[in-house]
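Engineer: Fold the following for me, if possible:
(one chain, ligands or ions: 1)
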Amino acid sequence: MLRKIRLPREASTTCPGFRNGNGQIVVRDTGWPSGTFAGQRIYQLRCEHCAQVYGANGCDIHARLCPACQGGVPGEPLREAGPSLFD
Ligand SMILES: [Zn+2]
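Structural biologist: Model (predicted):
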């Protein structure tokens with residue numbers, strides 16, 4: 001018999017591979033702080049419909065709409081490297 005493991009919502013929606021109900025998939029945690037939601041980090045999301053890649057804060061992931069093909073708000077900036085200690 002399989003046991004269902006219930007994760008806290010925040011942990012599951014920010015896990016790479018999570019797909020929300022709109023087809024937006026979490027690619028990775030960028031490590032950068034969100035510019036729109038204090039205390040959240042920016043996650044890289046990818047749209048399964050048009051392959052758009054963009055940034056979203058952890059609180060928005062579960063309801064995120066693609067900024068390119070679903071009329072969602074513009075994504076947060078994605079940067080290549082993690083935050084520098086010396087910024
Ligand atoms: Zn899209």
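Engineer: for the record, mean pLDDT for the longest strand anywhere in the chain?
Structural biologist: Longest strand of the chain, by residue count under DSSP state E: strand 24-33. Strand 24-33 shows an average pLDDT of 95 in the prediction.
Engineer: try stretch 71-87
Structural biologist: Rounded mean pLDDT across stretch 71-87 is 76.
Engineer: Any residues of the chain in contact with the ion? List them.
Structural biologist: Cys47, His49, Cys50, Gln52, Cys66, Ala68, Cys69 (Cβ under 5 Å from the ion). Any C-beta I mention is one placed from the backbone N, CA and C, and that applies to glycine too.
Engineer: In strands, which of the residues you listed appear?
Structural biologist: Filtering the residues of the chain next to the ion for strands - DSSP E - leaves Cys47.
Engineer: So among the residues of the chain next to the ion, which ones count as buried?
Structural biologist: Among the residues of the chain next to the ion, those scoring as buried are Cys47, Gln52, Cys66, Ala68 (criterion: 16 or more other Cβ atoms under 10 Å).
Engineer: Right, I'll call it a day here.
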